[in-house]
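Asker: Kindly generate the corresponding structure for this input.
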Amino acid sequence: MRVHFIAIGGSVMHNLAIALKLKGYHVTGSDDEIFEPAKSHLAQYNLLPPSNGWDPSRVTSDINAIVLGMHAKPDNPELLKAQDLNLRIFSFPEFVYQQSKNKTRVVIAGSHGKTTITAMIMHLLRKADKKFDYMVGSSVKGFDINVRLSDDAPVIILEGDEYPDSAINKIPKFHVYQPNLALISGVAWDHINMFPTFEIYVDQFRKFVQLIPFDGALVYNSEDRDLKVIVKNCNPDIRKIPYHLPPYEIADGVTCLTRNNKKVPLRIFGRHNLQNLMGAVEICKLLGLSEEFCFESMSDFVGASRRLEKIASSELATVFRDFAHAPSKLRATIAAVREQFPDRKLVACFELHTYSSLDKDFLGEYFDTMKQADVKVVFYNAHTFELKRKEMIEPEFIYEAFGDRHIHVITDAPSLEKFLKARTWKKTNLLMMSSGSFGGIDINALATFVTSHR
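Answerer: Predicted coordinates:
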């Protein structure tokens, strides 16, 4: 089978391309620009396009399927050629669904924690030696690629977000997968460019739970008020399984989960991560694993890439990187580091990078989200605003939106790096939060500096 990817450089797209090549498909692709790590991953599997840019000649009548990435616009010349040839065109969620129609589809949804919960389930199923396919939005230790599609695995674990799946199909991704088993971690407004009001956003989750069949099940975070309303009003015939924050304690910088009179030391921390763990365990119990096995097997789980990821550590400081970008994620991530290290100061840096965080109408949602940090930095640069075609925001607006005049507003990468390197780092942690790259700063080099200089 021959498959061509339009916008192959996307995070999931390039992993799906690799998964299909490993499955024996003939895979080609194109993109106007491909960044790391996708560029190296594609090159490793001989899938890197020979040149950047769109070339309609790459689209021919012998192609069995076109997979269209979100990055591709409706007027993309390769897409137009495919339409002229009447080729079968799929978004990547549609293609994944076609590949998994005969499997039990487990869809992990919610405004936060999707990647971590998916990674936890993958970790547990692997330790139980279960066959399963998966699609996850970030790198997970022990898994070479982020997508696996096979012919023999009876189950597929899918991270399903609410964002539209392609330029020509505005259905939220998690609707496309048609879940047999589903989990929702919580509902907190995001993606203002697609869901201009909270009510419109919440409605996507209402529709999602209605897709669960009568013999399916919904696992949900019972501590989320808005989610509880959705669950209460959804199909009464499906099985509904709540989860919540478990008892735990922190000693000597280690979080221990208390369960059935046993203490399980964990390598992860934070209230949200503990909630995530409980949701993952409930899904795994539905898939045949015992609760005792799940808790014992979580002791060596280190998390997914860029999800409270420890970059460097010393007796002086620890540096964490996190994907936090929405208000709820920002607040939870800062709270987690503060709780885990109560005797250390906390420097929190947040980059405005997503469409919502660059929108003046949405910025007020960040009010008081950074108050638990000792030093607060909000970073953004003109290039990001140009790419998103948004009006540049003045520092005064940031102070008002975040409700804090002590925030340091920095608008270029060299100044941010200089600011951080000038600080004293004794008994102080650094938390870098962004879905972007802080203007191209070498986070690993910065982390090495921070953890080795007083």
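Asker: Every contact and neighbour count from this point should use C-alpha atoms.
Answerer: OK.
Asker: Quick check, central residue of the protein?
Answerer: Thr115 (4.7 Å; C-alpha atoms, centre = their mean).
Asker: SS state for it?
Answerer: helix (DSSP: H, G, I helix; E, B strand; the rest coil).
Asker: Tell me how this structure divides into domains.
Answerer: By the assignment in automatic domain parsing, the chain contains the domains 2-87, 95-300, 309-450.
Asker: returning to what we had before: give me every residue that touches the residue nearest to the centre of the chain.
Answerer: Contacts for Thr115 were tallied using C-alpha atoms under 8 Å, 6 or more residues apart in numbering; they are 136-138, 159, 304.
Asker: returning to that earlier point: just put the domains of the chain in JSON lines and tack on mean pLDDT.
Answerer: Below are these laid out as JSON lines (pLDDT from 0 to 100):
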{"stretch": "domain 2-87", "mean pLDDT": "95"}
{"stretch": "domain 95-300", "mean pLDDT": "93"}
{"stretch": "domain 309-450", "mean pLDDT": "93"}
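Asker: nearest residue to Leu48 other than its sequence neighbours?
Answerer: Leu42 (4.9 Å; C-alpha to C-alpha, 6 or more residues apart in numbering).
Asker: tell me which element the one you found is part of?
Answerer: According to DSSP states H and E, Leu42 maps onto helix 38-44.
Asker: Give me the contact list for that helix.
Answerer: Outside helix 38-44, the residues that touch it by C-alpha under 8 Å, 6+ apart are 9-11, 14, 18, 48.
Asker: Please tabulate the residues you listed in CSV, including the columns distance to Asn193.
Answerer: Listed next are the contacts of helix 38-44 as CSV, based on distance: C-alpha to C-alpha, whole Å:
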residue, distance to Asn193
Gly9, 23
Gly10, 20
Ser11, 21
His14, 25
Ile18, 31
Leu48, 31
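Asker: neighbours around the residue nearest to Leu48, how many?
Answerer: Leu42 has 21 neighbours, counted by other C-alpha atoms under 10 Å.
Asker: Thr60 versus that one, what's the distance?
Answerer: In this view, Leu42 and Thr60 are 22 Å apart by C-alpha to C-alpha, to the nearest Å.
Asker: Which parts of the stretch 251-400 of the chain are strands?
Answerer: Applying DSSP state E, counting those that start in this stretch to the stretch 251-400 of the chain gives strands spanning 254-259, 262-266, 309-313, 318-322, 345-351, 375-379.
Asker: Show me what counts as buried in the longest one.
Answerer: Buried residues in strand 345-351, defined by neighbour count with 16 or more other C-alpha atoms under 10 Å: 345-351.
Asker: Compile those into CSV and extend it with columns for distance to Lys310.
Answerer: Putting the buried residues of strand 345-351 into CSV (distance: C-alpha to C-alpha, whole Å) gives the following:
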residue, distance to Lys310
Lys345, 16
Leu346, 14
Val347, 15
Ala348, 14
Cys349, 15
Phe350, 16
Glu351, 18
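Asker: Widest-spaced pair of those residues?
Answerer: Largest separation among those by C-alpha to C-alpha: Lys345 and Glu351, giving 20.0 Å.
Asker: what's the most distant pair in the contacts of helix 38-44?
Answerer: Ser11 and Leu48 (13.9 Å).
Asker: Of the two, give the one with the bigger neighbour count.
Answerer: Taking other C-alpha under 10 Å, Ser11 and Leu48 do not tie; Leu48 has more neighbours (22 against 18).
Asker: and the more buried one, helix, strand or coil?
Answerer: Of the three states, Leu48 takes coil under three-state DSSP.
Asker: hey, where'd the strands end up in the stretch 51-200 of the chain?
Answerer: Counting by DSSP E, counting those that start in this stretch, one finds strands in the stretch 51-200 of the chain at the ranges 65-68, 89-91, 104-109, 133-135, 147-148, 155-159, 164-166, 169-172, 181-184.
Asker: Dump those to CSV, plus distance to Asn233.
Answerer: Formatted as CSV, the strands of the stretch 51-200 of the chain follow (distance: least, C-alpha to C-alpha, whole Å):
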stretch, distance to Asn233
strand 65-68, 35
strand 89-91, 31
strand 104-109, 18
strand 133-135, 29
strand 147-148, 34
strand 155-159, 24
strand 164-166, 24
strand 169-172, 21
strand 181-184, 15
